[in-house]
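Student: got a predicted structure here, sequence first:
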Amino acid sequence: MSFRRLVSAFVLLAVFTMAVRVSVDTDTWWHLRAGAWMVEHQQLLRTDPFSLTRQGQPWIYPGWLAQLILYGVYAALGYAGLNLLTALMVTMAFGVIWSILEGPLLLRAAVTLLAATASGVYWSARPQIFTLTLAAVFLVLLESGLTGDRRRLALLPLLMALWVNLHGGFIVGFLILGGYLGGELIELVSHALRRSGSLRDQIGRQRDRLVALGSVTAGCVAALGLNPHGFRMLAYPLQTVSIGVLQDYIQEWQSPNFHRLEVQPFLWMLLLLLVAFAASPRRPRPAELVLVSGFAYMALLAGRNIALFSLVGAVSLARHGGLALEPMLTGRSRGRELPLAWRRRINMGLFFLFALAALLKISPPLSRSVNKAAIREQVPVGAVDYIRARRPPAPLFNSYNWGGYVLWALYPEYFSFVDGRTDLFDDQILTEYLDTWRAAQGWQETLRKWGIRTVLLERDAPLVGPLRQSGWVVLYEDSQAVVLSVGDGF
């Protein structure tokens, strides 16, 4: 094995090893429930069958195919399958990015590992993991197609047709396309402002790229209609980001907290990019500046976008970091090398040692007991087990973060009051839920309006105290959750 192949294998194995971890989060459960429902009923979900508050209402969600994949993997391989699927999608994303990185080999390796580490805040067994991979493929096809074989660009509408059935993040594909189109327009405008030659000649030089980008963008727009909801899906991303409660209360939609260690690699990457741009002897291309600044802005607004920034940032950091380091590396003596046969043996030995270490690291997340222990820390397994066994009266009022698990473990006997499907509940129901959870004025009316008979909340939720004082009976309590049932006087 050559040194180049050793480094490539090391990088991909390292990314895979980092990504194999417990991938189930609080939203995974409602995706699994949706997939299970579609398999059981042999039809797609078009209305909500799961919640008390939106029962029977239209539910337009673009992730039906991802939900079927997630449920199929879980049904076949359990938690280990979900963890491996998530790791595979992460590795594919950074594997395709690795294929277009420029610069010295070890620098590319370091950049890839830093970018993967930064994106780790995004990894979970949810449809969004497919967006990470497809965004990387979009970026690579555009980067290589505009500078090489234009036929690669014809794949983008096909990928968009797949993407729009996997996750609402399909809008990211258009943002990447917009970055390249914006770069081309900036080149034209800057040429006109500099007055360096004929504008017509400049348009002629850029015509092929502009026509290619315009054509593929039109093809991607047409591909959006290839989903169960047709072109109504165009409005989905805008409707989602317009939900005020999403930005105000959901952590992944808020600005990153740089006091958390897991977020700091994003900050390191951002600072290194600024240094690389400043030190590089080549000016960044306009498309680079648009993409890097645009996705950096998105990541600073919402932590869930850090992973997308890590993809576009890795390409520019490797390119300009390599150009900045080139004068220091030129003419450097490589010293005496071992014979080729010895080098190959050493490289193979190093690879197998690392593969063994990786195997030891990924083994625990594939264990059912490790996954179940992690899940118990996320969701109220004990309280839900009690409800399933004792069947207190429905309807149920539940904590937002636990709504998905309620659907997975208690449906159809119990519906969720709210869950992670913010696109379905919108500001009206979510605000009503929050006011009730906080025991704000009118919480009694909300519970009466929906006929709530049982409540599942965090032990320290503000509503718990007023419920106790109002005569609600504690049926179950542990360090994590409390289950209360309505008293005779309520």
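Tutor: Now that the structure is in, tell me what you want to look at.

Student: quick one: least confident helix or strand in this protein?
Tutor: Ranked by mean pLDDT, DSSP states H and E, the helix or strand of the chain with the weakest confidence is helix 340-362, at a mean of 67.

Student: what about this protein, any weak spots by pLDDT?
Tutor: Within the chain, the stretches falling below the threshold (pLDDT under 70) are 1, 3, 191-202, 204-206, 246, 249, 329-351, 354, 487-490.

Student: would you map out the domains in it?
Tutor: Split into domains by automatic domain parsing, the chain comes to 3-327, 379-485.

Student: any idea which of those gets closest to S363?
Tutor: The minimum distance between S363 and the domains of the chain falls on domain 3-327, with 9.0 Å, by CB to CB. Where you see a C-beta, it was placed from the backbone N, CA and C, and this is true even at glycine.

Student: quick one: end-to-end length of stretch 444-462, please.
Tutor: 13 Å (CA to CA, to the nearest Å).

Student: list the buried ones in the helix or strand where E184 lies?
Tutor: Assigned by DSSP states H and E, E184 falls within helix 171-194. Applying a neighbour-count criterion of 16 or more other CB atoms under 10 Å, the buried positions in helix 171-194 are 171-184, 187-188, 191.

Student: give me the angle between whichever helix or strand comes after that helix and helix 171-194.
Tutor: Once helix 171-194 ends, the next helix or strand along the chain (criterion: DSSP H and E) is helix 199-223. Orientation check (axes from the mean of the first three to the mean of the last three CA atoms, to 10 degrees): helix 199-223 against helix 171-194 gives 170 degrees.

Student: just checking, what packs against helix 199-223?
Tutor: In this structure, helix 199-223 makes packing contacts with helix 128-147, helix 155-163, helix 171-194, judged by 3 or more CB pairs under 8 Å, 6 or more residues apart in numbering; DSSP states H and E.

Student: the first one vs helix 199-223, what angle?
Tutor: So that's helix 128-147. Interaxial angle, helix 128-147 versus helix 199-223 (the same axes, to 10 degrees): 150 degrees.

Student: which elements pack onto helix 128-147?
Tutor: Under the contact criterion of 3+ CB pairs under 8 Å, 6+ apart, the helices and strands touching helix 128-147 comprise helix 64-98, helix 155-163, helix 171-194, helix 199-223, helix 306-329.

Student: CSV for the ones you listed, including distance to D248?
Tutor: Supplementary listing: the helices and strands packed on helix 128-147 in CSV, determined by distance: least, CB to CB, whole Å:
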stretch, distance to D248
helix 64-98, 27
helix 155-163, 28
helix 171-194, 21
helix 199-223, 32
helix 306-329, 19
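
Student: so which of those is nearest D385?
Tutor: Judged by CB to CB, the one of these that comes nearest to D385 is helix 64-98, at 17.6 Å.

Student: just the CA trace of whichever helix or strand comes after the closest one, in CSV.
Tutor: Counting by DSSP H and E, the next helix or strand C-terminal to helix 64-98 is helix 105-119. Taking Å, rounded to 0.1, in the frame of the first residue of the first chain, the C-alpha atoms of helix 105-119 are listed here in CSV:
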residue,chain,number,x,y,z
LEU,A,105,-1.8,15.3,1.1
LEU,A,106,-1.4,15.7,4.8
LEU,A,107,-3.0,19.1,4.8
ARG,A,108,-6.0,17.6,3.0
ALA,A,109,-6.2,14.9,5.6
ALA,A,110,-6.1,17.4,8.4
VAL,A,111,-8.7,19.6,6.8
THR,A,112,-11.1,16.7,6.2
LEU,A,113,-10.8,15.5,9.8
LEU,A,114,-11.4,19.0,11.1
ALA,A,115,-14.4,19.5,8.8
ALA,A,116,-15.8,16.1,9.9
THR,A,117,-15.3,17.0,13.6
ALA,A,118,-17.0,20.3,13.1
SER,A,119,-20.0,18.6,11.4
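
Student: go through helix 105-119 and flag the buried ones.
Tutor: 107-119.

Student: want to throw those residues into TSV with distance to T422?
Tutor: Written out in TSV, the entries for those read as follows (distance: CB to CB, whole Å):
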residue	distance to T422
L107	40
R108	38
A109	38
A110	37
V111	34
T112	33
L113	33
L114	31
A115	28
A116	28
T117	28
A118	25
S119	23
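
Student: and those, which is closest to L267?
Tutor: Of the buried residues of helix 105-119, the one sitting nearest to L267 (CB to CB) turns out to be A118, at 8.7 Å.

Student: that closest one and M269 touch, don't they?
Tutor: Yes - shown here, A118 and M269 form a contact pair, counting by CB atoms under 8 Å, at 5.2 Å.

Student: common neighbours of these two, please.
Tutor: With CB atoms under 8 Å, 6 or more residues apart in numbering applied, the overlap between the contact sets of A118 and M269 consists of F309, S310, G313.

Student: ok, and the most crowded of these?
Tutor: The residue in the shared contacts of A118 and M269 with the most neighbours, by other CB atoms under 10 Å, is S310 (31 neighbours).

Student: my guess is that residue meets V111, correct?
Tutor: No - S310 lies out of contact with V111 (CB under 8 Å); the separation is 9.8 Å.

Student: just want the most central residue of this protein.
Tutor: Q128 (4.0 Å; CA atoms, centre = their mean).

Student: contacting residues for it?
Tutor: For Q128, the set of contacting residues under the criterion of CB under 8 Å, 6+ apart consists of Y122, H167, G169, R304.

Student: from those, pick the one nearest V39.
Tutor: Nearest to V39 among those, with distances taken as CB to CB, is H167, at 19.2 Å.

Student: please name the nearest non-neighbouring residue to the closest one.
Tutor: Spatial nearest neighbour of H167, excluding adjacent residues (CB to CB, 6 or more residues apart in numbering): P127 at 4.0 Å.

Student: let me see the contact set for that neighbour.
Tutor: Contacts were defined as CB under 8 Å, 6+ apart; by that measure P127 touches H31, G63, A66, Q67, L70, L166, H167, G168, G169.

Student: how close does the residue lying closest to the first one once chain neighbours are set aside sit to A125?
Tutor: In this case it means H31. In space, H31 comes closest to Q67 once its chain neighbours are excluded; the distance is 4.9 Å by CB to CB, 6+ apart. Q67 is 11 Å from A125, where distance means CB to CB, to the nearest Å.

Student: tell me, what's touching these two both at once?
Tutor: For the pair Q67 and A125, residues contacting each of them under the criterion CB under 8 Å, 6+ apart are H31.

Student: what ranges do the helices span in the stretch 351-490 of the chain?
Tutor: When assigned using DSSP state H, counting those that start in this stretch, the helices of the stretch 351-490 of the chain occupy the ranges 368-378, 381-390, 403-410, 422-437, 443-449, 464-469.

Student: quick one: those helices as a markdown table, columns for mean neighbour count and distance to L456 too.
Tutor: Rendered in a markdown table, the data for the helices of the stretch 351-490 of the chain read as follows (neighbours: other CB atoms under 10 Å; distance: least, CB to CB, whole Å):
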| stretch | mean neighbour count | distance to L456 |
| --- | --- | --- |
| helix 368-378 | 14 | 14 |
| helix 381-390 | 16 | 6 |
| helix 403-410 | 25 | 7 |
| helix 422-437 | 19 | 11 |
| helix 443-449 | 15 | 13 |
| helix 464-469 | 15 | 11 |
